[in-house]
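>>> kindly generate the corresponding structure for this input.
(chains A and B)
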Amino acid sequence: MFMAAYPFDRIEAKWQQFWDTHQTFATREDPSKPKFYVLDMFPYPSGAGLHIGHPEGYTATDIIARYMRMRGYNVLHPMGWDAFGLPTERYSMTTGIHPRTATANNIATFKRQLKMLGFSYDWTREIDTTDPRYYRWTQWMFRLIYNSWYDHEQQRARPIEELPIPSTVDNVEAYRDAHRLAYMALVPVNWCEELGTVLANEEVDEWREKGYTVERRPMRQWMIRITAYAERLLADLDLVDWPESTKEMQRNWIGKSEGAEITFPVIGTEESVTVFTTRPDTLFGATYLVLSPEHPLVPIITEPEYRDAVDAYITEAHRKTDLERTDLAREKTGVFTGAFALNPATKREIPIWIADYVLMHYGTGAIMAVPAHDQRDFEFATAYRLPIEIVVQPPTGALEEPLSHAYTDDGIAWNSSNDEVSLDGLPTPDAKKRILTWLQQRGIGRPAIRYKLRDWLFSRQRYWGEPIPILHFDDGTRRVLDEDELPLELPDVQDIKPTGTGESVLATVPAWMDVWDPKTGKHGHYETNTMPQWAGSCWYYLRFCDPHNTEHFADPNRLRYWLGTDPNRGGVDLYVGGAEHAVLHLLYARFWHKVLYDYGYVPTKEPFAKLFHQGLILGEDGRKMSKSLGNVINPDEIVRDYGADALRLFEMFLGPLEATKPWSSQGIEGIKRFLDRLWRMYTEPNGSLSRAIVDVPLTRDQARLLHRTIKKVQEDIEALSFNTAIAQMMIFVNEFSRLPERPREAMEKFVLLLAPFAPHIAEELWQLLGHPNSLAYEPFPTWDEELIHDEVVEIVLQVNSKVRAKIHVPADCNIDQLKQYALDSEDIQRFISGKTIKNVIVVPGKLVNIVVE
RNA sequence: GCAGGAGUGGCGGAAUUGGCAGACGCGCUGGACUCAAAAUCCAGUGGAGCUCAAAACUCCGUGUGGGUUCGACUCCCACCUCCUGCACCA
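Purely as a prediction, here's the structure:
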């Protein structure tokens, strides 16, 4: 007859409904219990529905959430929607369906799919970044940032009213605006004509890959002064338990470098050029200066006969996008300005050039070129026949001239002395110190630290985003909205089309552009830019702690409960999401959190204590899943054919959580077989409890396997090593399903072990075993170390490290006995008779190794 | 180029502190059940040699080449390949 397969469709629907009606997973805040906050990166609800990759991370956090509940923790495990974004807006442009409607539809699809997978989210805490009750607080935080300046002495943000105003300043408001953490600036932005919007630097490549063209264009934009936090964003990485690769990416992105600023007088003028260098020790080898084409001194110092060439070069450089400038990096180009500067160390006159390999936005926009010891300068000097002078020699040997490439390593300073200072013979670190001392004494240089990190371009010319709560007045002034004026709600716009002017569609809404301000009596318009998608995701993990609060973004006591009170530890206990957010989202959220921390709104310095990236699931062909390759696996179909428990188990069994691994449609058949066997272990073919489950004590061997399984599953869950936990459960089922009498105690405990992984079948079996309530809060089984140990262990006997025999001995057999057993063994005698024994190594419980001549 | 990570059977992957390499699953082979098939259950399954065959036995084997050690997937040195990120950042 047909072997019973377990009726997953009936069981899964039944228990999902049960959890819903009983509010099984509503968060408990019992103060007598410890807390655990486990969070997924909330999804952007796209029209395509859930991807097979989503359930991977979500299952992992669900296992942890369910396990921690069984361990007696109050667990916060919420879900929400990062729902503002360009794809929805573009969808609306082509279909005419309002973004609000499209978003609601997409959220409904995602929510149905997540519920179908049986995740234990507390849906009463669901949040949506497009809900005015949510973005009211995103705007509130923008307001806080706008009303702040960064006090570099105290290393924290402070209210703008507390900014000291120098007596020389007469326009106080302008001075304040120049110090706010949110400010407007005319910046070259990445303009995309087809999208009718600017893009962040980080977004450019993504859209270029999709075939859009992006060009540089100066526009007035909102910027956020994240650079003020560079040092703290770097230093506080030491406080968090994150993948090393992600920390390293953030460090590279922040890009701290220590060096010096050195001032070079321009010959025959009052002007001087200040450069930033990490190698002040090579000053004696600086044979020319290079300014960025955008450098403000360029028009001032350029000699008349060189002006045409310089202007032509600048025009050409502006025409190029950043990408082209870097793409053509092989060939360095530049022009001479006709001006000379004085090298303060050598007292020689050196030419000043401009070149587009020097970037205005890094350092001072000017460099001293040391062609012998910098590869870029070397290439430039070679191309334009500029002098190359060696001032550092390798620790051993000497460089041969002419150089074939720059010597950029540390070494020994050479040919570096004048009347006042000599670096000769000093190793590079010492030479740096010596020259810096001299430069500072002479007042022409000082130590300096620079970061690659740039300020955050915060405005987008889009409709479907949080409005920036700013009123611009006709007189050119502006004000940020007060707390009682928030939220500033998005007006309804029926027809969403690009304006073509670079402004968002909000610029076409009369009520938005024609505003009489009741507080000032002035006329003006609201800001037409909206916030980037990153804004809403910067603080959603805080809102989950208290999602319905109308007085605060979250109650301070609840934040202290869920994040912890130690500023140096705390935050979300486990945060799981894709590595593609390793830099941007995680850096912005950390910055945002630190501003709130500076005002005491959050109790911890860092938002996420532990971070984990789940790996990518590839198509069965080992390539990335994509519609065009036709290798996409649809979660709906898998759940329909195999059930949610099977999908959850399979995604966890596929391999280590962090690994990139291919899908396998044969592999999921194996999981189905496991679940069917498991079902038959507990049930009769008619679905009632198996008669083989009886109240008998466990044998010694059965107890050992049970307790080993408990230990292995618990330890593997805590290490996020779910594939090996499942392997151990398979071993258990393989053994116990063949027993004619299955001890009830083992059967009950095993169901509890299984529950975090495959909750539906576990609940059903728990009920069959006679328990009326959900197992969600049953204590997780514990193991007895005594029962785990073998009474008899197998010892490997080796001669010269080759296995020659195996013996069974009592587990507590001591070293001398083991040695004697080995030497007496007939199998061993064959190999050692007539030879000299040099050494005998005994590892109790493992092996004896006899070393002979 | 720089940084981070990874290389183990036909495939996905296991392997505490250095101690029997290949757990578990897939696939494959053989068998039981069946008129037959599916489902299920049982047995086998790294390679080579030896053998009519099997057992037993021997040798080789964790990207490559060295090293440390009684003993190396694991530690050290050099290299190769792949993935991921950054890339004229002075």
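>>> give the contact list for A:Thr604.
Contacts here follow Cβ atoms under 8 Å, 6 or more residues apart in numbering; on that basis A:Thr604 touches A:563-564, A:566-571, A:593, A:597. For the C-beta atoms, the positions are set from N, CA and C on the backbone; glycine is no exception.
>>> ChimeraX command to pick out the buried ones of those?
Buried subset of those, written as a ChimeraX selection, criterion 16 or more other Cβ atoms under 10 Å:
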select /A:563,564,570,571,593,597
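>>> farthest pair in the contacts of A:Thr604?
A:Asp566 and A:His593 (14.9 Å; Cβ to Cβ).
>>> per-residue pLDDT, A:Glu206?
With respect to pLDDT, A:Glu206 has a value of 67.
>>> same check on the one 5 residues further on?
At A:Gly211 the predicted local distance difference test score is 74.
>>> that one: neighbouring residues, count only.
7 (other Cβ atoms under 10 Å).
>>> among the contacts of A:Thr604, which has the minimum pLDDT value?
For these, the least confident entry is A:Gly570, with 87.
>>> can you give me the distance of the nearest residue to that residue once chain neighbours are set aside to RNA strand B?
Distances taken as Cβ to Cβ, 6 or more residues apart in numbering put A:Gly564 closest to A:Gly570, at 3.2 Å, once the chain neighbours are dropped. Between A:Gly564 and RNA strand B the distance is 28 Å, computed by Cβ to the nearest atom of the strand, to the nearest Å.
>>> quick check: phi and psi on A:Gly564?
Dihedral pair for A:Gly564: phi 100, psi 170, per degrees, to the nearest 10.
>>> repeat for A:Pro427
Per degrees, to the nearest 10, the backbone of A:Pro427 is at phi -60, psi 150.
>>> just A:Asn800 next, same as before
Dihedral angles (degrees, to the nearest 10) for A:Asn800: phi 50, psi 40.
>>> can the contacts of A:Thr604 go into CSV with extra columns for secondary structure?
As requested, the contacts of A:Thr604 are arranged in CSV below (DSSP: H, G, I helix; E, B strand; the rest coil):
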residue, secondary structure
A:Leu563, helix
A:Gly564, coil
A:Asp566, coil
A:Pro567, coil
A:Asn568, coil
A:Arg569, coil
A:Gly570, coil
A:Gly571, coil
A:His593, helix
A:Tyr597, helix
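>>> now, among the contacts of A:Thr604, which is nearest to A:Asn529?
Comparing the contacts of A:Thr604 against A:Asn529 with Cβ to Cβ places A:His593 closest, at 23.7 Å.
>>> which residues of the stretch 101-250 of chain A score low on pLDDT?
The model of the stretch 101-250 of chain A has pLDDT under 70 over residues A:200-206, A:208-209.
>>> up against RNA strand B, what does it have?
Proximity of the stretch 101-250 of chain A to RNA strand B, by Cβ under 7 Å from any atom of the strand, involves residues A:202, A:243-245, A:248-249.
>>> can I get the buried part of those as one PyMOL selection?
Only the buried entries of these go into this PyMOL selection, using 16+ other Cβ under 10 Å:
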select buried, chain A and resi 249
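>>> what sits against A:Leu488?
Contacts of A:Leu488 (Cβ under 8 Å, 6+ apart): A:139, A:467, A:469, A:481, A:526.
>>> how about A:Lys605?
Applying Cβ under 8 Å, 6+ apart, the residues contacting A:Lys605 are A:232, A:236, A:239, A:567-568, A:593-594, A:597.
>>> excluding its backbone neighbours, what's nearest it?
Closest to A:Lys605 by Cβ to Cβ, 6+ apart is A:Pro567, at 5.1 Å.
>>> how much space between that neighbour and RNA strand B?
28 Å.
>>> thinking that residue is in contact with A:Tyr597, fair?
Yes. Shown here, A:Pro567 and A:Tyr597 form a contact pair, counting by Cβ atoms under 8 Å, at 7.4 Å.
>>> now do the shared contacts for the two.
With Cβ under 8 Å, 6+ apart as the test, A:Pro567 and A:Tyr597 both reach A:603-605.
>>> closest to RNA strand B out of these?
A:Lys605 (23.6 Å; Cβ to the nearest atom of the strand).
>>> is it true that that closest one lies in a helix?
No. Checked against three-state DSSP, A:Lys605 lies outside a helix; its state is coil.
>>> what are the contacting residues of stretch A:730-745?
Here stretch A:730-745 has contacts from A:674, A:677-678, A:680-681, A:690, A:692-698, A:702, A:705-706, A:709, A:746-747, A:750, A:769, using Cβ under 8 Å, 6+ apart.
>>> what subset of those is also close to RNA strand B?
A:674, A:677.
>>> ChimeraX command for the buried members of the contacts of stretch A:730-745?
Buried residues among these (16+ other Cβ under 10 Å), as a ChimeraX selection:
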select /A:674,677,678,680,681,690,692,693,698,702,705,706,709,746,747,750
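>>> what's the burial count for A:Thr565?
A:Thr565 is flanked by 11 other residues according to other Cβ under 10 Å.
>>> the closest residue to A:Leu50 other than its chain neighbours: how many residues sit nearby?
For A:Leu50, ignoring the flanking residues on the chain, the nearest one in space by Cβ to Cβ, 6+ apart is A:Gln113 at 4.2 Å. Neighbours of A:Gln113 under the rule other Cβ under 10 Å: 18.
>>> then the one 3 residues further on?
Neighbouring residues of A:Met116 were enumerated by other Cβ under 10 Å; the total is 20.
>>> my guess is it contacts A:Ala644, does it?
Yes. Taking Cβ under 8 Å as the definition, A:Met116 is a contact partner of A:Ala644 at 6.2 Å.
>>> next, the contact list for A:Trp253, please.
Neighbours of A:Trp253 in contact, by Cβ under 8 Å, 6+ apart: A:452-453, A:583, A:587.
>>> from these, which single one is nearest A:Pro31?
Closest approach to A:Pro31 among those (Cβ to Cβ): A:Leu587, at 34.2 Å.
>>> near RNA strand B, which residues of the stretch 251-400 of chain A are found?
Residues of the stretch 251-400 of chain A lying near RNA strand B (Cβ under 7 Å from any atom of the strand): A:252-253, A:255, A:257, A:259, A:276-279, A:292, A:325-326, A:328-329, A:332, A:356-360, A:362-365, A:367, A:374, A:376.
>>> dump the residue contacts of the residue nearest to A:Gly570.
A:Gly564 neighbours (Cβ under 8 Å, 6+ apart): A:570-571, A:603-604, A:609.
>>> and the gap between it and A:Asn549?
19 Å (Cβ to Cβ, to the nearest Å).
>>> and for A:Glu764?
Distance from A:Glu764 to A:Asn549, by Cβ to Cβ: 38 Å.
>>> higher neighbour count, those two?
More crowded of A:Glu764 and A:Asn549, by other Cβ under 10 Å: A:Glu764, with 24 against 14.
>>> follow-up on the earlier one: so the residue nearest to A:Leu50, which of the three states?
Quick answer, by three-state DSSP: A:Gln113 is helix.
>>> again, but for A:Asp816
Following three-state DSSP, we place A:Asp816 in the helix state.
>>> residues contacting the residue minimising distance to the centre of chain A?
Taking Cα atoms, centre = their mean, the centroid of chain A lies closest to A:Ala582, which sits 2.5 Å from it. Counting by Cβ under 8 Å, 6+ apart, A:Ala582 touches A:245-246, A:249-250, A:613.
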